[in-house]
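Novice: pasting the structure only:
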């Protein structure tokens, strides 16, 4: 066993023993008379002190804060890093046009219909199929189909 591990085990044993030694079977606080204990009352409690300080801070802020029409350093600094209105207006207009285009495309696709006639690129391939490669009953009757060439 290493020296470090042994020292950790010794410390744990001492800590456990000190925990047991700190507890006793006697009830604590039997000698305190609770009948005569009164909590602190009045305007000197922390609640009233904090209320008074916050009120003073609010009055000071209201008195010395800049008016809304003043050009304050913080306002100028925010305006320096803000995006100008013209650029935002252009971006909004571009987004509106793109949204309209997407809506138009979706409408065209929703109203679309399949063509009434399917045109094959090589219509002669329909007649070239071998009947010997098809299982019996797997191919529908195609004798009534006529291949047109326009």
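Specialist: Okay, I see it. Model, not experiment: these values are computed from the prediction. Numbering: from 1, shown residues only.
Novice: Check the gap between the residue nearest the centre of the chain and residue 103 for me.
Specialist: When the chain is reduced to its mean C-alpha position, the nearest residue by Cα atoms, centre = their mean turns out to be residue 95, at 23.3 Å. According to Cβ to Cβ, to the nearest Å, residue 95 stands 13 Å off from residue 103. Heads up, the C-betas are built off the backbone N, CA and C, glycines and all.
Novice: same question for the lengthiest helix in the chain, mean pLDDT?
Specialist: Counting residues, the longest helix in the chain under DSSP state H turns out to be helix 85-111. Mean per-residue pLDDT for helix 85-111: 96.
Novice: Now do it: distance to the chain's middle.
Specialist: Centre-to-centre, helix 85-111 and its host chain are 26 Å apart (Cα atoms, centre = their mean, to the nearest Å).
Novice: so where is the chain shaky, pLDDT-wise?
Specialist: By pLDDT under 70, the weakly predicted segments of the chain are 1, 15-38, 129, 139, 149-150.
Novice: Walking through it, point out its strands one by one.
Specialist: Shown for the chain, no strands are assigned by DSSP state E.
Novice: Now do the helices in it.
Specialist: Going by DSSP H, the chain shows helices at 3-22, 46-64, 73-81, 85-111.
Novice: Adding distance to residue 142, write these out as CSV.
Specialist: CSV is the format used below for the helices of the chain (distance: least, Cβ to Cβ, whole Å):
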stretch, distance to residue 142
helix 3-22, 86
helix 46-64, 89
helix 73-81, 72
helix 85-111, 32
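Novice: For residue 133, find the nearest of these.
Specialist: Ranking those by proximity to residue 133 (Cβ to Cβ) places helix 85-111 first, at 37.5 Å.
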